[in-house]
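Trainee: Return atomic coordinates for the entry below.
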Amino acid sequence: MKLFRKDLFWDVDPEKIDYKQHARFIIERVLSRGSLDDWLYIKAKYTLSEIKKHVVNIRSMDKKSLSFCSKILDIPREEFRCYINNAYWPPIDV
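Mentor: Here you go, the predicted structure:
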């Protein structure tokens, strides 16, 4: 985990994070707190299908990240767990 900013995983020992076992945790953290460079790194580390599998199951995501993932990964917002859980959100037009 040496290629991410130190402060991105401030609450865990980065040396103990396993890329396969903790994929959802890593992807979720990058989407919520990461930079564009962090996003590009996970895109290189995981396939788009792996990223899609994990992002649709994230329970909570800010509207900006949701719109980004929806557009970049070509997934309708309605398929995201965080959108379903927060169905009271007004539609986001981008």
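Trainee: Mind pulling up the pLDDT for A87?
Mentor: Model confidence at A87, expressed as pLDDT, equals 58.
Trainee: One more: I75?
Mentor: For I75, the pLDDT comes out at 94.
Trainee: wait, doesn't it sit right on F68?
Mentor: No. The criterion here is CB atoms under 8 Å, and I75 misses it with F68 at 11.0 Å. For glycine as for every other residue, the C-beta is placed from the backbone atoms N, C-alpha and C.
Trainee: quick one: low-confidence ranges for this structure?
Mentor: 1-3, 87-94 (pLDDT under 70).
Trainee: one more time with 80, if that's ok
Mentor: Across the chain, the ranges flagged by pLDDT under 80 are 1-6, 14, 84-94.
Trainee: gap between the two ends of stretch 14-25?
Mentor: 12 Å (CA to CA, to the nearest Å).
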